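1. sequence? don't have it. structure:
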């Protein structure tokens with residue numbers, strides 16, 4: 001009886017989502033690792049547009065969500081997919097929202113942030129023909145239809161730290177994240193390693209705003225470490241990072257943006273450490289359409305030609321530093337430089 005109720009509820013949820021998502025969704029070759037073998041995953045040829053969706057607990061308007069959504073828009077524009085976003089705001093409803101999208105025929109389904117990813121892992125076995133990509137998920141995953149989609153920010157942050165160390169005039173750099181979480185501290189650790197690769201004597205001040213959504217806290221946190229003499233700050237603080245950028249602009253120091261190019265936010269942002277999540281979404285979606293899916297870890301980075309900086313920033317660097325950055329990226333790609341050992 002319980003099973004019948006669950007199926008009925010999920011079907012009702014699916015019908016509700018089909019109507020409500022019309023307003024908020026749509027028409028807005030990975031290097032796999034792990035032991036799982038690729039599986040055929042091409043959608044059935046029934047004349048309908050293949051449907052894919054993003055289920056996220058952080059709605060549109062947040063920088064990382066918007067960046068991720070760009071990958072879906074590219075799938076829509078270039079591959080003809082139907083795209084939907086489910087803004088999953090109530091944790092109690094996550095299981096039925098996931099089931100509803102699977103019953104609507106969304107395939108693959110992308111989930112973002114661990115509170116959602118954890119629920120996907122719990123219900124994925126109910127839909128063996130549906131493939132799930134868990135964005136930035138480091139949780140253990142043994143489900144044959146689930147892939148952990150990893151775009152590690154360490155390499156882009158390493159390059160950013162290298163550029164910052166070559167740019168600073170005071171020898172003191174800053175880093176600000178929003179919370180002490182493993183995904184966020186990867187930015188700090190890569191940045192620090194890159195800075196010290198360029199200059200072993202560099203000083204890196206780090207701090208947390210304590211809130212990913214409060215620009216005022218970001219601004220206040222930035223002022224504290226600016227007072228300590230830093231003249232370049234790398235922000236990895238989501239919306240609170242907008243406050244960090246504002247503080248840097250007011251203080252007349254340089255700032256490094258995160259995830260997407262943020263040079264249009266303020267002139268103080270002279271470099272951005274890109275997280276090519278939109279590229280990863282597009283590549284895995286296109287791969288799925290070609291009939292390929294690999295469970296386990298699917299990783300993107302310099303070796304898979306993921307973007308780690310924006311050409312507009314690179315073009316503004318002094319010629320000597322351009323040469324050094326290009327060489328460093330090439331050395332990382334070929335394995336001559338192992339950034340993870342620094």
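-> Sure thing, it's come through. Since we're looking at a predicted model, the values are computed, not measured.

2. going forward, measure contacts between C-alpha atoms and count neighbours the same way
-> OK.

3. could you pull out the strands in the stretch 201-342 of the chain for me?
-> Remark: strands assigned in the stretch 201-342 of the chain by DSSP state E, counting those that start in this stretch are 203-208, 232-236, 254-259, 269-274, 293-294, 296-300.

4. who touches the fourth one?
-> The contact list for strand 269-274, computed with CA atoms under 8 Å, 6 or more residues apart in numbering, reads 153, 156-157, 159-160, 245, 254-263, 307-310, 313-314.

5. same thing with the third one?
-> Outside strand 254-259, the residues within contact range by CA under 8 Å, 6+ apart are 64, 67, 160, 231-236, 245, 248-249, 263, 268-276.

6. and it, which strands flank it?
-> In its sheet, strand 254-259 lies beside strand 232-236 (parallel), strand 269-274 (parallel), with partners assigned from DSSP bridges.

7. pLDDT averaged over that strand - what is it?
-> Strand 254-259 shows a mean pLDDT of 97.

8. how about the shortest one?
-> pLDDT averaged over strand 293-294 equals 96, rounded to a whole number.

9. also the fourth one?
-> Here the mean pLDDT over strand 269-274 is 98, rounded to a whole number.

10. roughly how far out does that strand sit from the chain middle?
-> Strand 269-274 has its average C-alpha position 15 Å from the chain's average C-alpha position, going by CA atoms, centre = their mean, to the nearest Å.

11. mind listing what's buried in that strand?
-> Taking 16 or more other CA atoms under 10 Å as the basis for neighbour counts, the residues of strand 269-274 that come out buried are 269, 270, 271, 272, 273, 274.

12. for the spatially most central residue of the chain, which non-adjacent residue is closest in space?
-> Among the residues of the chain, the smallest C-alpha distance to the mean C-alpha position (CA atoms, centre = their mean) belongs to residue 277, namely 4.5 Å. The shortest distance from residue 277 to any residue that is not its chain neighbour, by CA to CA, 6 or more residues apart in numbering, is 5.7 Å, and that residue is residue 68.

13. surely the one you found forms part of a strand?
-> No. Residue 68 sits outside any strand when classified using DSSP: H, G, I helix; E, B strand; the rest coil, being helix.

14. any idea how far residue 131 is from it?
-> Counting by CA to CA, to the nearest Å, the gap from residue 68 to residue 131 is 18 Å.

15. what about this structure, any weak spots by pLDDT?
-> Flagging of the chain using pLDDT under 70 yields the residue ranges 1-47.

16. per the record, what domains does it have?
-> With automatic domain parsing as the criterion, the domains of the chain are listed as 2-152+277-304, 154-274+310-341.

17. what segments of the protein are helices?
-> Counting by DSSP state H, the segments of the chain that form helices are 2-24, 63-79, 94-104, 114-123, 154-167, 182-198, 215-226, 241-251, 277-289, 311-314, 319-334.

18. now render these as JSON lines, adding distance to residue 56.
-> What follows is the helices of the chain, written out as JSON lines (distance: least, CA to CA, whole Å):
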{"stretch": "helix 2-24", "distance to residue 56": "13"}
{"stretch": "helix 63-79", "distance to residue 56": "8"}
{"stretch": "helix 94-104", "distance to residue 56": "10"}
{"stretch": "helix 114-123", "distance to residue 56": "7"}
{"stretch": "helix 154-167", "distance to residue 56": "23"}
{"stretch": "helix 182-198", "distance to residue 56": "16"}
{"stretch": "helix 215-226", "distance to residue 56": "22"}
{"stretch": "helix 241-251", "distance to residue 56": "20"}
{"stretch": "helix 277-289", "distance to residue 56": "14"}
{"stretch": "helix 311-314", "distance to residue 56": "30"}
{"stretch": "helix 319-334", "distance to residue 56": "32"}
